[in-house]
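I need the structure of the sequence given here:
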Amino acid sequence: MPNSAHPVANAETAARCEHLLQERGGRLRALASRLLGQDADDGVQEVFAAACRSLPSFRGESQLSTWFHRLSLRVLCAFRARRDRRAGRETPDAEAETRLSPAALAAYAASPFELLAAKERRGRVLDALQRLSPALREVLLLRGEGLAYDEIASTLELPLGTVKSRMSAALIALAERLPDREELLP
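Reported below is the predicted structural model:
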């Protein structure tokens, strides 16, 4: 009898996984691109594999989208940590711009000269972000995703004080690399 119930549970889980893929796939891909750069597709695959494995244990204590977002962040951050450990060193990320939110990249300029100045400023900011350590860049990117400090701490499995310390260090490092305070503003 348990065997006959099992395929039904698998079919239901498969349908829920398909729904997650259709509903959240685009946002997940954008998040993975910002966190992982060229490895985004591999990270997305890991998230969906983890989600489909974990979905049967979802208790419904929060919305499915909230659960999926938190799971996605944990899996993507773990994927990046494994990738970076394998690399043994920090490598420059040519795709750092793709990881910034559209709001951070929005041009407020109207004239071609203002657009050029904004593009040059964006280049300096991206260069400064690339020169941050992965730990500092990670907290900035997660904060840019709209996560609160306690959510970042939970996602990265770090004490709240460590997250605050890293955020402070990241902002100081950016300020040192960008002497023109205007460049720190969106």
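
Now do the strand or helix carrying residue 35: distance to the chain's middle.
Applying DSSP states H and E as the criterion places residue 35 in helix 2-36. Taking C-alpha atoms, centre = their mean, to the nearest Å, the mean C-alpha location of helix 2-36 is offset from the chain mean by 19 Å.

before we move on, what about stretch 37-46?
11 Å.

what comes up buried for it?
Within stretch 37-46, the residues scored as buried using 16 or more other C-beta atoms under 10 Å are 37, 39, 40, 43, 44, 46. Just so you know, the C-beta spots here come from the backbone N, C-alpha and C atoms, and that holds for glycine as well.

Show the average pLDDT along that stretch.
Mean pLDDT, computed over stretch 37-46, is 89.

Can you find the helix or strand in the chain with the smallest mean pLDDT?
Scoring the helices and strands of the chain by mean pLDDT, DSSP states H and E places helix 102-105 at the bottom, with a mean of 58.

where are the low-confidence patches of the chain?
1-9, 88-115, 179-186 (pLDDT under 70).

Run a quick neighbour tally on the residue lying closest to residue 24 once chain neighbours are set aside.
Distances taken as C-beta to C-beta, 6 or more residues apart in numbering put residue 68 closest to residue 24, at 5.7 Å, once the chain neighbours are dropped. Look at residue 68: counted by other C-beta atoms under 10 Å, it has 22 neighbours.

May I ask which helix or strand encompasses residue 68?
Using DSSP H and E, residue 68 falls in helix 64-87.

Report the backbone C-alpha coordinates of that helix in PDB.
What follows is helix 64-87 as a C-alpha-only set of coordinates in PDB (Å, rounded to 0.1, in the frame of the first residue of the first chain):
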ATOM      1  CA  LEU A  64       6.100  29.000  -0.300                       C
ATOM      2  CA  SER A  65       7.800  31.900  -2.100                       C
ATOM      3  CA  THR A  66       9.400  33.000   1.200                       C
ATOM      4  CA  TRP A  67      10.600  29.500   1.900                       C
ATOM      5  CA  PHE A  68      12.000  29.200  -1.700                       C
ATOM      6  CA  HIS A  69      13.800  32.600  -1.500                       C
ATOM      7  CA  ARG A  70      15.500  31.600   1.700                       C
ATOM      8  CA  LEU A  71      16.400  28.200   0.400                       C
ATOM      9  CA  SER A  72      17.800  29.800  -2.800                       C
ATOM     10  CA  LEU A  73      20.000  32.200  -0.900                       C
ATOM     11  CA  ARG A  74      21.400  29.400   1.300                       C
ATOM     12  CA  VAL A  75      22.100  27.100  -1.600                       C
ATOM     13  CA  LEU A  76      23.600  29.800  -3.800                       C
ATOM     14  CA  CYS A  77      25.900  31.100  -1.000                       C
ATOM     15  CA  ALA A  78      27.000  27.500  -0.200                       C
ATOM     16  CA  PHE A  79      27.600  26.900  -3.900                       C
ATOM     17  CA  ARG A  80      29.800  30.000  -4.100                       C
ATOM     18  CA  ALA A  81      31.700  29.100  -1.000                       C
ATOM     19  CA  ARG A  82      32.500  25.600  -2.500                       C
ATOM     20  CA  ARG A  83      33.400  27.100  -5.800                       C
ATOM     21  CA  ASP A  84      35.700  29.700  -4.100                       C
ATOM     22  CA  ARG A  85      37.300  27.000  -1.900                       C
ATOM     23  CA  ARG A  86      38.000  24.900  -5.000                       C
ATOM     24  CA  ALA A  87      39.500  27.900  -6.800                       C
END
